[in-house]
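# I would like the atomic coordinates for the input below:
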Amino acid sequence: MSAVADYKLVRNSMVGTELTEDEARLLGAKMGVRHLKDGEFLVKEGEADRTLFVLAAGKLAVTSKDAEGVEHTVYTMQEGECAGTRAFVEQSPRKATLRAVGDATVCTLTPADFEALLDDHPRLAYKVMRALFRVTHANLSRMNQESRELANYISKSQGRY
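Numbering: from 1, shown residues only. Model (predicted):
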């Protein structure tokens, strides 16, 4: 892991959409960087890791196990997207596994490092939390759309799929 994240990557991510250059530098200084090789796990479903992840380069497969314990890819993250918002905010276990698809670079932010910004840079913390809300809302909207499409497919095919 390198010392800090490149502020340009932070600013161009979903987390940095509202940040000024100076704010992106401050946030980047609190973030670490992980370089993953193809197939390497970033985090596994059920782990207690609370880190927020911002994909700086490459792709990450988001996978989850079904009722039989078989792992399925539910989404492939693209550069600039972030993962782990629920674990980061709610301090709850991971609901999915993240694994590199090809080589990938990920910026990391721990809750403790984020909370260190609250006293001296509350406006920056507020902007990051707004961004996390937008990310969560976009994920929920995408899932609702996929659910509607599936329900529509099943009703039109009368359950024959």
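
# buried ones in stretch 85-98?
Neighbour-count burial for stretch 85-98 flags 85-89, 94, 96-98 (criterion: 16 or more other CB atoms under 10 Å). Heads up, the C-betas are built off the backbone N, CA and C, glycines and all.

# just give me the neighbour total for the nearest residue to Glu18 once chain neighbours are set aside.
Spatial nearest neighbour of Glu18, excluding adjacent residues (CB to CB, 6 or more residues apart in numbering): Lys127 at 4.5 Å. Look at Lys127: counted by other CB atoms under 10 Å, it has 19 neighbours.

# and Lys127, how far is that from Leu26?
From Lys127 over to Leu26 the distance is 11 Å, taken as CB to CB, to the nearest Å.

# next one: Glu68
For Glu68, the distance to Leu26 - CB to CB - is 46 Å.

# quick one, which of these two is more surrounded?
With neighbours defined as other CB under 10 Å, Glu68 and Leu26 compare such that Leu26 has more, 17 against 5.

# got phi/psi on the residue nearest to Glu18?
Main-chain dihedrals, Lys127, degrees, to the nearest 10: phi -60, psi -40.

# OK, contacts around it?
Counting by CB atoms under 8 Å, 6 or more residues apart in numbering, Lys127 touches 18-19, 23.

# all strands for the chain, in order.
Using DSSP state E, the strands of the chain run over 32-36, 41-43, 52-65, 71-77, 82-83, 97-109.

# quick check: bridge partners of the residue most central in space within the chain?
With distances taken as CA atoms, centre = their mean, Ala83 lies nearest the centre of the chain, 1.1 Å away. Counting by DSSP bridges, Ala83 forms beta bridges with Phe53.

# and it, how far is that from Met77?
6 Å.

# please enumerate the shared neighbours of these two.
55, 60, 62, 98.

# among those residues, which two are most distant?
Greatest spatial distance among these (CB to CB): Leu55 and Val62, at 10.5 Å.

# these two - which one has more neighbours?
Neighbour count, other CB under 10 Å: between Leu55 and Val62, Leu55 has more, with 24 against 18.

# state the distance from that one to Lys156.
With CB to CB as the criterion, Leu55 and Lys156 are 36 Å apart.

# what do you get for Leu118?
Leu118 sits 50 Å away from Lys156, going by CB to CB.
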